[in-house]
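J.: got a sequence here, can you build the structure:
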Amino acid sequence: MNKSEFLKLHEPNRPLTLLNIWNKESAKDLENQDVKVVASSSFGVASSSNQEDGQQIPLNQAVDVFGNLSPNTFKSLDFEAGYSDDVFGFQRNIEYLINKKINGINLEDKLPGEDTLQGITKFTEKLNVLKSIDNKNELFVNIRTDSFFQGDVILQNKNTELLRNTIKRINHYEKYSIDGIFIPGLKNKEFIRTISRNISIPLNIMLDIEKDNVEDYLSLGISRISFGPSTYIEKSKTNISVDRYFKQKIDQLSYLDNNRLINLARR
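T.: Coordinates of the predicted model:
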């Protein structure tokens with residue numbers, strides 16, 4: 001699957017719904033459920049190796065989770081903040097991902113360990129570097145903005161000034177030809193509607209697979225739903241095999257997929 005085919009899976013009223021993976025086994029087991037898009041969770045990948053999240057594992061280890069997948073499977077990497085805040089280091093990392101046939105990335109606008117987002121000018125330097133290296137426009141670039149994923153998340157979801165500033169930030173990012181925007185922590189349905197109406201790129205939110213009901217977030221303009229680390233966390237509480245876990249999750253969501261309310265990206 002190439003980038004343009006992947007982009008077509010992002011429909012505002014039928015969001016692409018991704019069960020995030022955490023290691024080679026989970027990636028292959030999900031693919032074996034006839035799923036053609038496999039997306040990693042940095043928290044899951046780190047935790048499954050008994051390490052901390054936040055770029056504490058080497059980039060090659062983060063990429064290696066896709067190592068056993070078919071060339072036809074779309075591979076979306078949780079790239080965190082790019083594994084380098086240095087222009088040349090970031091450039092080398094993008095080159096490495098392209099050479100490793102990674103198809104899509106989530107790139108954060110907040111550095112690990114920092115409490116605030118990067119300045120827009122500083123962050124868009126990365127976007128310029130990214131586009132110059134990816135000159136064939138092969139990578140699907142999903143920018144993660146953490147404006148709603150810091151501090152008191154409940155209060156943030158009531159903050160109308162934060163909402164306005166987030167839209168302004170996204171609108172600025174759109175000038176750099178990004179392909180999607182990911183806003184973890186965003187749960188206020190009216191805020192979701194407002195953002196989706198004021199941007200021109202697919203909107204991605206993160207839900208908790210144990211606590212959230214997918215149906216509550218349909219028809220809001222969302223084009224992509226991720227479950228982030230919650231798949232790894234939920235699976236870790238059970239004794240069932242990974243392949244059985246994913247089969248159960250897909251079975252639970254299949255009625256929404258069959259009724260074209262979500263898209264599980266099955267072959």
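J.: ranges for the strands of the stretch 1-150 of the chain?
T.: 16-18, 37-39, 74-78, 104-108, 140-144 (DSSP state E, counting those that start in this stretch).
J.: residue contacts, the nearest residue to residue 198 once chain neighbours are set aside?
T.: Distance criterion C-beta to C-beta, 6 or more residues apart in numbering; nearest residue to residue 198, sequence neighbours excluded, is residue 167 at 5.0 Å. C-beta coordinates here come from the backbone N, C-alpha and C atoms, glycine included. Contact partners of residue 167, counting by C-beta atoms under 8 Å, 6 or more residues apart in numbering, are 194-195, 198-199.
J.: next: residue 98.
T.: By C-beta under 8 Å, 6+ apart, the neighbours of residue 98 are 133-134, 138-139.
J.: equivalent analysis for residue 91, please.
T.: Per C-beta under 8 Å, 6+ apart, neighbours of residue 91: 129, 133.
J.: returning to that earlier point: of the contacts of residue 167 - the most surrounded one?
T.: Neighbours here mean other C-beta atoms under 10 Å. Within the contacts of residue 167, the largest count is held by residue 195, at 22 neighbours.
J.: give me every residue that touches it.
T.: 163, 166-167, 170, 183, 186, 203, 221.
J.: which SSE is immediately downstream of the helix or strand encompassing it?
T.: Using DSSP states H and E, residue 195 sits within helix 189-197. Per DSSP H and E, helix 189-197 leads on to strand 203-206 as the next helix or strand towards the C-terminus.
J.: which other helices and strands contact that following strand?
T.: strand 180-182, helix 189-197, strand 224-226 (3 or more C-beta pairs under 8 Å, 6 or more residues apart in numbering; DSSP states H and E).
J.: which one of the ones you listed lies nearest to residue 18?
T.: strand 224-226 (5.1 Å; C-beta to C-beta).
J.: circling back: can you say which of the contacts of residue 98 are buried?
T.: 133-134, 139 (16 or more other C-beta atoms under 10 Å).
J.: tell me which element residue 233 falls in.
T.: Assigned by DSSP H and E, residue 233 falls in helix 230-236.
J.: that helix: which residues count as buried?
T.: 230-235.
J.: ok, so of these, who is nearest residue 50?
T.: Distances from residue 50 to those, taken by C-beta to C-beta, are shortest for residue 232, at 12.7 Å.
J.: gap between the closest one and residue 16?
T.: 20 Å (C-beta to C-beta, to the nearest Å).
J.: residue 148 now?
T.: Distance from residue 148 to residue 16, by C-beta to C-beta: 20 Å.
J.: shaky segments in the stretch 151-267 of the chain?
T.: Residues of the stretch 151-267 of the chain meeting the criterion pLDDT under 70: none.
J.: where does the residue nearest to residue 198 land in three-state SS?
T.: helix (DSSP: H, G, I helix; E, B strand; the rest coil).
J.: can you pick out the most distant pair from the contacts of residue 167?
T.: Largest pairwise distance in those, by C-beta to C-beta, is 9.8 Å, between 194 and 199.
J.: still on that earlier bit, quick check, nearest of the buried residues of helix 230-236 to residue 265?
T.: Among the buried residues of helix 230-236, and counting by C-beta to C-beta, the member closest to residue 265 is residue 231, at 15.0 Å.
J.: may I see the helices and strands packed on strand 203-206 arranged in a markdown table, with distance to residue 241 as well?
T.: Listed next are the helices and strands packed on strand 203-206 as a markdown table, based on distance: least, C-beta to C-beta, whole Å:
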| stretch | distance to residue 241 |
| --- | --- |
| strand 180-182 | 30 |
| helix 189-197 | 35 |
| strand 224-226 | 23 |
